[in-house]
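J.: next input, structure requested:
(2 chains)
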2 protein chains.
Amino acid sequence: MATYMDVHTGMKGITTEQLAAAHRADLAIEKDEGVHFQRAWADPVSGHVYCLSEAPSAEAVQRIHERTGHPAAEIHPVPITVS
Amino acid sequence: MATYMDVHTGMKGITTEQLAAAHRADLAIEKDEGVHFQRAWADPVSGHVYCLSEAPSAEAVQRIHERTGHPAAEIHPVPITVS
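T.: Okay, here's the model as predicted:
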């Protein structure tokens, strides 16, 4: 398992409820690919959405996002973290 | 105060120690602008770094990152979050 940051674009105007619904849809099927989506952040002005996940691969992350109708524009493994 | 996600590019090969040192440098002066950097994630292969912060403005985030020698390529307010 590794940590991934994925980026969606083109989500201008996204609302709190829309982000929550998209996240719930991902959570509902994420186990099929061994993925867990931890957090997501949205900028409704630029339309960027960032999702943090734990997953076996970037492809696994994308398969979940594709099935729920919002494929990511970029998926980056982020093996280095500080807090 | 608002939440921001900023993105750095061109950091290929960044190490755990280099990310930690950059984060410590930001933390050391962040109060000058009323910013708090919470977490950062790095992809040493693509060279992307993502930083999550609480700040009064995107400009305040950038002033700290500029003073510590690593200006962000993009800074997005992310008023919508799910977890």
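J.: let me know the secondary structure of the spatially most central residue of chain A.
T.: Using C-alpha atoms, centre = their mean, the residue of chain A that lies closest to the mean C-alpha position is residue A:51, 3.6 Å off. Secondary structure for residue A:51, judged by DSSP: H, G, I helix; E, B strand; the rest coil, is strand.
J.: repeat that for residue A:71.
T.: Going by three-state DSSP: residue A:71 is coil.
J.: how many residues are close by the residue nearest to it when sequence neighbours are not counted?
T.: In this structure, residue A:71 finds its nearest non-sequential neighbour in residue A:65, 5.2 Å apart by C-beta to C-beta, 6 or more residues apart in numbering or on different chains. No exception for glycine: its C-beta is placed from N, CA and C like everyone else's. Counted with other C-beta atoms under 10 Å in any protein chain shown, the neighbours of residue A:65 add up to 23.
J.: can you check residue A:10 too?
T.: 11.
J.: help me confirm that it is found in a strand?
T.: No: under three-state DSSP, residue A:10 sits outside any strand and is assigned coil.
J.: which bits of chain A sit near chain B?
T.: A:3, A:5, A:14-16, A:19-20, A:23, A:38-46, A:48, A:50, A:52, A:76-83 (C-beta under 8 Å from any C-beta of the partner chain).
J.: pLDDT below threshold where in chain A?
T.: Nowhere does chain A drop to pLDDT under 70.
J.: just the helices from it, written as ranges.
T.: With DSSP state H, the ranges of helices along chain A come out as A:16-29, A:58-67.
J.: Serialize those to JSON lines and add fields for distance to residue B:34.
T.: Below are the helices of chain A laid out as JSON lines (distance: least, C-beta to C-beta, whole Å):
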{"stretch": "helix A:16-29", "distance to residue B:34": "25"}
{"stretch": "helix A:58-67", "distance to residue B:34": "35"}
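J.: most tightly surrounded among these?
T.: Highest mean neighbour count among the helices of chain A (mean count of other C-beta atoms under 10 Å in any protein chain shown): helix A:58-67, with a mean of 18.
J.: next, the angle helix A:16-29 makes with it.
T.: For helix A:58-67 against helix A:16-29, the angle by axes from the mean of the first three to the mean of the last three C-alpha atoms, to 10 degrees is 120 degrees.
J.: who are the packing partners of helix A:58-67?
T.: strand A:2-8, helix A:16-29, strand A:48-55, strand A:74-77 (3 or more C-beta pairs under 8 Å, 6 or more residues apart in numbering or on different chains; DSSP states H and E).
J.: what does the shortest one rub up against?
T.: Among residues not part of strand A:74-77, those counted as contacts by C-beta atoms under 8 Å, 6 or more residues apart in numbering or on different chains are A:2-7, A:58, A:61-62, B:43, B:45-46, B:48.
J.: cool, thanks, signing off.
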